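1. give me coordinates for this.
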Amino acid sequence: MTTQTAGVRVEGFVAPGFERVRDAFAANFERDDHYREMGASLAAYRHGERVVDLWGGWADQARTRPWTRDTLANVWSTTKGVTAILVATLVDRGLIDYGAPVTRYWPEYGANGKDGTTVSQLMSHQAGLPGFEEPTPLSEFYDWEIVTDRLARQAPMWTPGTRNSYHAMTYGFLAGELVRRASGKRVGRFLAEDVAGPLGADVLIGLPESEEGRVAAMIPSPIPRVFDPNAPREAVAAVTNPDMDPDLPNHRGWRAAEIPAGNGHATGDGLARLYGAVANGGELDGVRLMRPQGVAAMDTLQTDRVDILLGMPAMWRNGVCGNVLDMFGPHPGTFGHSGWGGSFGCANTETGVGIGYVVNQMGDRAVGDPRAAGLCDAIYACL
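-> Residues are numbered from 1 along each chain as shown. Next comes the predicted model:
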């Protein structure tokens with residue numbers, strides 16, 4: 001199937017009855033606002049069957065590289081949901097317990113009053129480590145050992161479990177070190193060998209140089225990101241030191257590092273295969289990531305407090321959030337994670353639907369990108 005819209009080719013497949021999704025995807029290339037699509041891919045699975053697989057547009061702003069089915073894009077915080085699935089896989093294997101103290105797996109983490117922090121508190125942004133206290137330039141931010149040692153030694157900004165504020169970048173190192181300690185593998189390797197590889201999901205954390213030719217250039221939103229200088233200290237710490245510049249994903253240093261909160265690279269189908277398995281009781285195409293109980297444990301609400309950085313309840317589960325602002329469509333039971341700029345992955349176990357979307361024209365919202373919400377609405381309208 002090929003559709004021509006606004007001079008852009010939209011290619012791929014939709015199952016009978018899902019034509020409305022193709023139309024909604026194509027319409028994003030004709031928007032008359034700053035969310036007008038440059039390049040993107042979208043996929044969806046229902047009860048383990050692929051029902052949507054679309055891609056189109058351009059992988060660069062100069063429009064010299066057509067977007068193909070295997071074009072990768074940096075998905076920013078959508079990576080957090082991938083990391084949550086890795087941890088949930090280890091929980092289901094009995095190698096991690098959400099209720100256990102982090103120190104059971106990472107003894108050094110107990111320094112400076114963190115000895116009672118549980119895995120669930122860490123996974124739900126209640127750990128009190130939303131950012132780094134010590135100056136952290138990019139050269140150190142890209143060094144796993146430096147960063148995890150720094151977080152293990154750092155005192156929490158609040159008593160763990162009593163507050164929650166989005167751990168925008170530190171979440172990935174905290175959860176990723178749990179993966180390393182429990183599995184004996186770095187997070188990128190565990191993803192490749194134990195999760196994405198067996199599933200055939202095109203998702204990576206730590207991009208090999210051999211894959212550089214597949215990566216789309218990220219295009220910052222024309223609407224600059226404005227951060228309140230009077231915001232609470234906890235919120236400021238999450239997005240500074242180092243500053244998160246939207247151009248970072250266009251540099252090899254960022255792509256090569258393992259940043260499990262923000263530098264995952266994926267196709268729409270890659271994310272959809274992960275969440276399609278989660279939505280299908282933990283299994284897809286005969287590959288089982290976890291049992292239904294493992295999915296339910298990941299999806300168990302940990303806090304409904306207002307998140308200090310986000311300014312609203314994110315309904316944090318164990319590494320994923322609830323369907324805040326209906327950003328994953330109309331079904332209240334959907335959970336997943338979105339990323340700065342518009343990408344997302346989500347699952348709904350009641351309907352068996354898993355969705356993945358990646359994009360290179362960044363929007364200006366961390367939560368509630370209208371393109372993403374519209375695509376989810378279209379998918380659910382077709383069920």
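
2. pLDDT value on His337, please?
-> You'll see His337 listed with a pLDDT of 98.

3. same thing with Thr3?
-> 70.

4. just checking, it touches Phe13?
-> No: here Thr3 lies out of contact with Phe13, judged by CB atoms under 8 Å, at a distance of 11.6 Å. C-beta coordinates here come from the backbone N, C-alpha and C atoms, glycine included.

5. element containing Ala40?
-> Taking DSSP states H and E as the criterion, Ala40 maps to strand 39-46.

6. check Leu310 too.
-> Element membership of Leu310, judged by DSSP H and E, is empty: it is in no helix or strand.

7. how about Gln302, what does it touch?
-> With contact set as CB atoms under 8 Å, 6 or more residues apart in numbering, Gln302 has these partners: 120-121, 123-124, 126, 316-318.

8. mind listing what's buried along stretch 113-125?
-> The neighbour-count check on stretch 113-125 (16 or more other CB atoms under 10 Å) flags 114, 117-125 as buried.

9. please apply the same query to stretch 10-22.
-> Neighbour-count burial for stretch 10-22, counted by 16+ other CB under 10 Å, picks out 10-12, 14, 18, 21-22.

10. what's that stretch in contact with?
-> With contacts defined as CB under 8 Å, 6+ apart, stretch 10-22 is touched by 1-4, 25-26, 29, 42, 44, 49-57, 69, 375, 378-379, 381-382.

11. can you rerun that using 7 Å?
-> 1-3, 25-26, 51-56, 375, 378-379, 381-382 (CB atoms under 7 Å, 6 or more residues apart in numbering).

12. and that stretch, how far out from the chain middle?
-> Put simply, stretch 10-22 sits 24 Å off its chain's centre (CA atoms, centre = their mean, to the nearest Å).

13. look up which residues are beta-bridged to the closest residue to Gln61 other than its chain neighbours.
-> In this structure, Gln61 finds its nearest non-sequential neighbour in Ile219, 5.3 Å apart by CB to CB, 6 or more residues apart in numbering. For Ile219, the beta-bridge partners are Gln361 (DSSP bridges).

14. helix, strand or coil for the nearest residue to Arg365 once chain neighbours are set aside?
-> Distance criterion CB to CB, 6+ apart; nearest residue to Arg365, sequence neighbours excluded, is Gly342 at 7.8 Å. When classified by DSSP: H, G, I helix; E, B strand; the rest coil, Gly342 comes out as coil.

15. confidence score at the residue nearest to Gln61?
-> 98.

16. do I have it right that it meets Met38?
-> Yes: applying CB atoms under 7 Å, one finds Ile219 in contact with Met38, separated by 5.8 Å.

17. which residues does the closest residue to Arg93 other than its chain neighbours contact?
-> Distances taken as CB to CB, 6+ apart put Met290 closest to Arg93, at 8.0 Å, once the chain neighbours are dropped. Met290 is in contact with 88-89, 92, 282, counting by CB under 7 Å, 6+ apart.

18. so how far is Leu138 from the residue nearest to the spatial centre of the chain?
-> Centroid check for the chain by CA atoms, centre = their mean gives Thr78 as the closest residue, at 1.5 Å. The gap separating Thr78 from Leu138 is 21 Å, by CB to CB, to the nearest Å.

19. can you check Ser41 too?
-> Applying CB to CB, the value for Ser41 to Leu138 is 28 Å.

20. so for the two, which residue has more residues nearby?
-> For Ser41 and Leu138, the more surrounded residue by other CB atoms under 10 Å is Ser41, and the numbers stand at 33 against 15.

21. can you count the residues close to the nearest residue to that one once chain neighbours are set aside?
-> Of all residues not flanking Ser41 in the chain, Gly268 sits nearest, at 3.3 Å (CB to CB, 6+ apart). Other residues near Gly268 come to 31 when the count uses other CB under 10 Å.

22. return the residues in contact with Gly268.
-> Applying CB under 7 Å, 6+ apart, the residues contacting Gly268 are 41-43, 55, 356-358.

23. go on, Glu177?
-> Applying CB under 7 Å, 6+ apart, the residues contacting Glu177 are 106, 148.

24. what helix or strand is it on?
-> Using DSSP H and E, Glu177 sits in helix 170-183.

25. that helix - what's its average pLDDT?
-> pLDDT averaged over helix 170-183 gives 98.

26. before we move on, what about stretch 240-249?
-> On average, stretch 240-249 scores 96.

27. centre of the chain versus that stretch, how much separation?
-> Distance of stretch 240-249 from the chain centroid (CA atoms, centre = their mean) equals 17 Å.

28. any buried residues in that stretch, and which?
-> For stretch 240-249, by 16+ other CB under 10 Å, it's 241-242, 246, 248-249.

29. export those residues as a markdown table, with columns for distance to Leu309 and secondary structure.
-> Below are these laid out as a markdown table (distance: CB to CB, whole Å; DSSP: H, G, I helix; E, B strand; the rest coil):
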| residue | distance to Leu309 | secondary structure |
| --- | --- | --- |
| Asn241 | 14 | coil |
| Pro242 | 17 | coil |
| Pro246 | 18 | coil |
| Leu248 | 19 | helix |
| Pro249 | 21 | helix |
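
30. closest to Asp33 out of the residues you listed?
-> Ranked by distance to Asp33 (CB to CB), the buried residues of stretch 240-249 are led by Pro246 at 17.9 Å.

31. can you give me phi and psi for that closest one?
-> The phi and psi values for Pro246, taken as degrees, to the nearest 10, are phi -60, psi -20.
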